[in-house]
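Chemist: Give me a 3D structure for the following:
(one chain, ligands or ions: 2)
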Amino acid sequence: MAECCTVSVVNWKGGVGKTTLTHHLAVGLQVMTEAEREEKLGMRRKPRVLLIDNDAQCNLTISCLGSDKFEKMVERGSGTMRELYATFLRDEDPDSDVEEFIVEGMVRKSKYENYEDIDVLSSHPDLIYTDMDFAIYSEPDFKKSMLGSNIYKFQVLDRILERVRERYDFIFIDCPPSMHYLTQNSIYTSDYYLIPMLPDWLSTYGIHSIVTKVDELNRMFRLAEDGNYVETELVGIVANKVREYKEKPIQSQSAIINDLKEQHRDQVFAQYLTDGDGISQASSMGVPVYAIAGSGGTARKQSELLQEILGEFLDKI
Ligand SMILES: Nc1ncnc2c1ncn2[C@@H]1O[C@H](COP(=O)(O)OP(=O)(O)O)[C@@H](O)[C@H]1O
Ligand SMILES: [Mg+2]
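Modeler: Ligands and ions are numbered 1, 2, ... in the order given. Next comes the predicted model:
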């Protein structure tokens with residue numbers, strides 16, 4: 001792998017698995033064997049990963065670092081994405097050292113061990129106000145084109161990452177359940193976006209509008225940058241919390257997944273993630289599901305499926 005690959009995990013619905021998937025893609029890259037890495041990534045060493053929690057709910061921060069560390073960070077009120085966005089929005093050329101905000105090698109592998117090669121940019125509950133900061137930070141001259149004068153509003157995260165990107169093979173950004181500025185910034189700076197979804201009827205409509213919105217953003221960014229902008233590509237749609245009967249999705253969900261495949265063709269991942277206690281159990285213990293895969297049951301199955309999904313993801317990028 002030559003350059004860093006940046007991926008936004010997006011859906012404007014909550015509870016679809018954005019955080020779970022972001023977390024497990026990063027961890028899954030560390031769980032791969034050396035032979036698998038050689039085959040899929042063309043490298044033997046473990047890839048360096050940066051996880052960005054771009055959601056005020058802070059679920060990724062809590063899942064990765066544990067609640068104790070998270071609560072200390074909230075109390076301190078500094079060192080998170082909230083502060084980084086604020087500094088970069090305020091100053092044309094902030095002297096803020098992004099590296100100082102990165103929590104290095106603290107993502108929990110088990111109760112006693114951490115992953116050395118995953119770093120985190122944490123969130124803060126006050127990140128909920130950052131979309132508003134973006135909104136009011138506009139040029140007063142409304143006659144100016146939205147494209148020319150305000151493009152910097154979408155480039156803040158890109159400017160933040162510019163300073164650290166070369167240190168990583170992958171950057172995964174866990175987005176909030178909306179398509180506002182935080183998500184738009186994430187799309188701007190990403191090579192790809194990934195959509196987790198629940199296999200219910202109304203969700204299929206949601207997917208269509210997300211893809212349309214990102215297409216619009218891509219067009220706007222390209223126009224604003226005179227064609228120099230490289231568009232953010234849909235890497236795929238992953239169905240989550242699928243219920244099975246005899247190793248196949250139950251009929252109603254199978255119909256929805258097939259329908260989705262008709263609409264979006266090869267963009268729907270062949271592998272879905274099943275519903276099961278493994279993920280929630282691991283999450284309550286503050287570890288990824290891989291940590292309890294040995295206990296069998298849904299934890300083992302979900303671990304295997306997540307590795308399949310990671311493999312497909314790597315084939316698609
Ligand atoms: N396949 C799954 N099976 C069971 N629980 C899941 C599964 N995927 C996610 N969850 C749980 O569902 C909840 C919502 O998932 P999450 O990843 O936080 O969604 P989002 O980030 O889109 O809001 C979390 O409690 C998570 O642990
Ligand atoms: Mg989330």
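
Chemist: Contacts only, for residue 119.
Modeler: Shown in contact with residue 119 (C-beta atoms under 8 Å, 6 or more residues apart in numbering): 48-51, 102-105, 168. Using the backbone N, CA and C atoms, a C-beta is placed for each residue, glycine as well.

Chemist: From these, list the buried ones, please.
Modeler: 48-51, 102-103, 168 (16 or more other C-beta atoms under 10 Å).

Chemist: For the closest residue to ligand 2 within the stretch 201-317 of the chain, what is the enclosing helix or strand?
Modeler: Closest approach between the stretch 201-317 of the chain and ligand 2, counting by C-beta to the ion: residue 283, at 11.3 Å. Taking DSSP states H and E as the definition, residue 283 sits inside helix 277-285.

Chemist: tell me the angle the helix or strand just after that helix makes with helix 277-285.
Modeler: Along the chain past helix 277-285, the next helix or strand (assigned with DSSP H and E) turns out to be helix 297-316. With axes from the mean of the first three to the mean of the last three C-alpha atoms, to 10 degrees defining the directions, helix 297-316 sits at 90 degrees from helix 277-285.

Chemist: which outside residues touch helix 297-316?
Modeler: Here helix 297-316 has contacts from 21, 24-25, 28-29, 31-32, 36, 40-41, 194, 235-236, 238, 269-274, 276-279, 281-282, 289-290, 292-294, using C-beta under 8 Å, 6+ apart.

Chemist: Give me the secondary structure label for residue 223.
Modeler: helix (DSSP: H, G, I helix; E, B strand; the rest coil).

Chemist: That one: how many residues sit nearby?
Modeler: Neighbourhood size, residue 223 [other C-beta atoms under 10 Å]: 14.

Chemist: Tell me how far it lies from residue 213.
Modeler: Relative to residue 213, residue 223 is positioned 16 Å away (criterion: C-beta to C-beta, to the nearest Å).

Chemist: ok, then the element right after the least confident helix or strand in the chain by mean pLDDT?
Modeler: In the chain, no helix or strand scores lower on mean pLDDT, DSSP states H and E than helix 146-150, which sits at a mean of 56. Counting by DSSP H and E, the next helix or strand C-terminal to helix 146-150 is helix 156-162.

Chemist: Quick one: list the elements packing against that following helix.
Modeler: helix 81-90, helix 181-189 (3 or more C-beta pairs under 8 Å, 6 or more residues apart in numbering; DSSP states H and E).

Chemist: wait, which of the contacts of residue 119 is closest to residue 204?
Modeler: Relative to residue 204, the closest of the contacts of residue 119 is residue 51; by C-beta to C-beta it sits at 28.6 Å.

Chemist: Contacts for the one helix or strand the closest one maps to, please.
Modeler: Using DSSP H and E, residue 51 sits within strand 49-53. By C-beta under 8 Å, 6+ apart, the surrounding residues in contact with strand 49-53 are 22-23, 26, 29-30, 59-61, 64, 81, 102, 107, 117-123, 157, 164, 167-174, 186.
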